[in-house]
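*Asks:* Sequence first, then the predicted structure:
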Amino acid sequence: MISMKNKKGAFSDLFIFMIFAFIIALIVGVFFYIGVTTQAQLHLTMDAMDFDDGAGNNASEIIDNTFGGVTTSYNALPWLSIMLIFGMIISIFIGSYLVTTKPIFFIPYFFISIIAIIVSVPMSNAYEEVIANPTLFSAFDNFLGMNFIILNLPVFITIIAFIGAIIMFSRMGKREEQVYYG
C-alpha cells in the first residue's frame with residue numbers, strides 16, 4: 001500500500017518536467033543523429049569491401065543486418081519521447097491530486113509557476129537554436145511532437161501549472177475529512 005503521509009511534491013514538479021523534457025529531447029535527437037550518421041558512414045567506407053563470410057554476404061548486407069537494426073529501432077524514438085513527456089505530465093497531475101494542501105500555499109505555488117514559465121522561455125529558445133543547426137536539423141526534423149512541445153514549452157508549462165493548481169487546490173481539506181470521518 002502506498003503511504004499518503006508527507007507528500008510534498010507538485011511544487012517542484014514543473015521544474016523537474018522542464019529539465020527532463022529538455023534532456024530527453026536532446027538525448028533522443030542526438031542518438032537518432034548518431035545512428036543515422038554512423039550507418040551512412042559505414043556504408044560509405046565499407047560498401048566496396050568484399051568479406052567472404054561463407055554465406056555470400058557483402059559488407060553492405062552485413063552493415064544492414066547488424067547496425068541497420070540499431071537505426072531501425074531508433075525510428076521508435078519520436079513516439080517514445082512523446083510518451084515519456086506525456087507520462088511526466090500525467091504524473092504531475094497525479095502528484096497534484098495526491099498532495100493535500102492549505103489555501104495559504106496557493107501564493108507560493110503561483111510564484112513558483114511564474115518562475116517556471118519565465119525559466120521555460122530560454123530553454124525553449126535554446127532548443128530552437130539546437131534544432132536549427134544545419135548538422136542536426138535532419139535528425140530533429142523527425143521529432144514533430146517533441147519539437148512542438150519543447151518549442152512551445154512556456155505555453156505547456158502554463159497549462160500544466162494551471163491544471164495542476166486546479167487539481168491540487170480543489171482537494172483542499174478533503175484528505176483531512178477522510179482521515180477524521182472515514
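*Replies:* Sure thing, it's come through. Numbering: from 1, shown residues only.
*Asks:* quick one: pLDDT of Ile150?
*Replies:* According to the prediction, Ile150 has pLDDT 95.
*Asks:* what's the burial count for it?
*Replies:* Per other C-beta atoms under 10 Å, the neighbour tally for Ile150 reads 28. Bear in mind the C-beta positions are built from the backbone N, C-alpha and C, glycine included.
*Asks:* any idea how far it lies from Ile94?
*Replies:* From Ile150 across to Ile94, the span is 22 Å (C-beta to C-beta, to the nearest Å).
*Asks:* does Met49 count as helix, strand or coil?
*Replies:* Secondary structure for Met49, judged by DSSP: H, G, I helix; E, B strand; the rest coil, is coil.
*Asks:* Ala59 is in contact with that one, correct?
*Replies:* Yes. Assessed by C-beta atoms under 8 Å, Met49 is found in contact with Ala59 at 4.4 Å.
*Asks:* quick one: which of these two has more around it?
*Replies:* More crowded of Met49 and Ala59, by other C-beta under 10 Å: Ala59, with 17 against 10.
*Asks:* Quickly note the distance from that one to Ile90.
*Replies:* From Ala59 to Ile90 the distance is 46 Å (C-beta to C-beta).
*Asks:* next one: Ile24
*Replies:* Ile24 sits 15 Å away from Ile90, going by C-beta to C-beta.
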